[in-house]
Structures are given as C-alpha cells and as structure tokens.
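Asks: The following comprises the amino acid sequence and a computationally predicted model.
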Amino acid sequence: MNETVGSILGLKGREIWSVAPNATVYDAVALMAAKSIGAVLVISEGSLLGIVSERDYARKVILQGSSSKETQVRDVMTTGLVTVTPDASVDDCMKIMTYNRIRHLPVLDRGELVGIVSIGDMVKAIIADQAHTIAQLHTYIGVKYPA
C-alpha cells in the first residue's frame, strides 16, 4: 500500500474543527455531534495545544461527575500529541495509532497544521486498497490463455 496521509487529505479534505482551551466541554461535544466527528483539536492563537475526544468526555467528565457546561476543555484535553506529516504512509499511521492507543492524528507540514486523520480514514484507505487488489486478481485470473 502506497497511500499517504497527504493523498487521504486530498480526498477527504483538510477541514479542521477546533475549539479554544477556554471553551466548555459541552461546546466541544456539541461541535463533535454537529460535525459527526469523534474529536476536535484545541487551538489557541494559531498554536495546536491538544485534542479533546468523546473518550476524554466520557472518562474525564462523566465518570468524574463533572458538569460539561462548567468544565473547560483545557481541563480534560489530551496534550503531548502524536502527529504525522503528509508523507506518512497508512501503514505507519496504523502502527502509530495502535502503539499509542489513539484514534486521531493531527497532520503537520513543516510545523503547520494542515489536517487531521482518524482511524476510520485509515481503515477506509486499507479497504479501498484491498478492493483494488481483489479487482486486479479477478482480472488476472479471468484472462483466458490461448490453448
């Protein structure tokens, strides 16, 4: 598989959904629900500070008995993010996500945030690659050789 993060972003788009660190967790979850996404980046003054996910919400707000309308994103966001560059391969991303037990990878190009990819994006790319391989094999097997 030769697909890269850059080619995936070219297909899915480079739209980035984010919140400020002083936003409420409720606002972050509402944005995730509105955009049908599982995480939003936390950005302040153009700097990537962290990420807040549905998992963060469940573990750091609900299970702690906190209020999502009173808790700020900065209090529950994940920091020390693992990132990739557009030239990273799907295989590399899957290894990184599996090793770090994460589902989202911000994409930085020369230090600038250019997108985000999810485990779903990686699985979709792998399935498309396998479908292509299967089609090629069917074509190869289906070719009749002269007798």
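Replies: Nice, thanks for sending it over.

Asks: what's the closest non-adjacent residue to the residue minimising distance to the centre of the chain?
Replies: The chain has S118 as the residue nearest its centroid, 2.4 Å off, counting by C-alpha atoms, centre = their mean. Leaving aside its chain neighbours, S118 sits nearest to H104 (5.2 Å; criterion: C-beta to C-beta, 6 or more residues apart in numbering). Placement of C-beta: from N, CA and C, glycine included.

Asks: Now for this protein, the helix or strand with the poorest mean pLDDT.
Replies: helix 119-142 (a mean of 76; mean pLDDT, DSSP states H and E).

Asks: hmm, back to that, contact partners for the residue nearest to the centre of the chain?
Replies: If a contact means C-beta atoms under 8 Å, 6 or more residues apart in numbering, then S118 has 37-39, 103-105 as its contacts.

Asks: re earlier: double-check the residue nearest to S118 against A39; I have them as touching.
Replies: Yes - H104 lies in contact with A39 (C-beta atoms under 8 Å); the separation is 4.7 Å.

Asks: Roughly how far does L108 sit from E15?
Replies: 16 Å (C-beta to C-beta, to the nearest Å).

Asks: Could you check which of these two has the larger neighbour count?
Replies: Between L108 and E15, L108 has the larger neighbour count (other C-beta atoms under 10 Å), namely 16 against 10.

Asks: Tell me if the more buried one really is in a helix.
Replies: No - counting by DSSP: H, G, I helix; E, B strand; the rest coil, L108 falls outside a helix, being strand.

Asks: Any quick PyMOL command for the buried ones out of the contacts of S118?
Replies: A single PyMOL command is used to select the members of those judged buried by 16 or more other C-beta atoms under 10 Å:
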select buried, resi 37+39+103+104+105
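
Asks: Out of the contacts of S118, which is nearest to T24?
Replies: Taking C-beta to C-beta as the measure, T24 lies nearest A39 of these, at 16.1 Å.

Asks: That closest one: what's its closest spatial neighbour, skipping adjacent residues?
Replies: S53 (3.8 Å).
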